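**Student:** Need a 3D model of the following:
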Amino acid sequence: MGKMIFTVLSAVAELDRNLIKECIAMGLDRARKQKQTLGWPRRIFDHSKALTLRGQGKSLREIATELGIGKDTVRTTFQ
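**Tutor:** A predicted model of the protein is given here:
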């Protein structure tokens, strides 16, 4: 009896997961058709200022704080 209940519950969970996947795919398709931008918004900052600050010997954290961006965003500038 317990095995049957577990099997039924797992089948319902799988169905629910498939419905969620379908809804996400339909939403993404709709957004692409409407030419909407997807993903996180891009942060625009002055790369030359970051390079200048780095040349002055400032750390990545100090540069990030001064420019108002994340430390990892600054790090990608120097890679």
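**Student:** C-alpha from now on. contacts and neighbour counts both.
**Tutor:** OK.
**Student:** just checking, what packs against the longest helix along the chain?
**Tutor:** Ranked by residue count, the top helix of the chain under DSSP state H comes out as helix 2-33. The contact analysis (3 or more CA pairs under 8 Å, 6 or more residues apart in numbering; DSSP states H and E) places helix 2-33 against no helix or strand.
**Student:** Who are the packing partners of whatever helix or strand comes next after that helix?
**Tutor:** With elements assigned by DSSP states H and E, the helix or strand that comes after helix 2-33 is helix 47-55. Under the contact criterion of 3+ CA pairs under 8 Å, 6+ apart, helix 47-55 touches helix 60-67, helix 71-77.
**Student:** Could you identify which of the ones you listed is most buried?
**Tutor:** Greatest average neighbour count among the helices and strands packed on helix 47-55 goes to helix 60-67 (a mean of 16), per mean count of other CA atoms under 10 Å.
**Student:** ok, now how distant is the residue most central in space within the chain from residue 2?
**Tutor:** The C-alpha lying nearest the average C-alpha coordinate of the chain belongs to residue 40 (CA atoms, centre = their mean; 5.6 Å). Computed as CA to CA, to the nearest Å, the residue 40 to residue 2 distance reads 45 Å.
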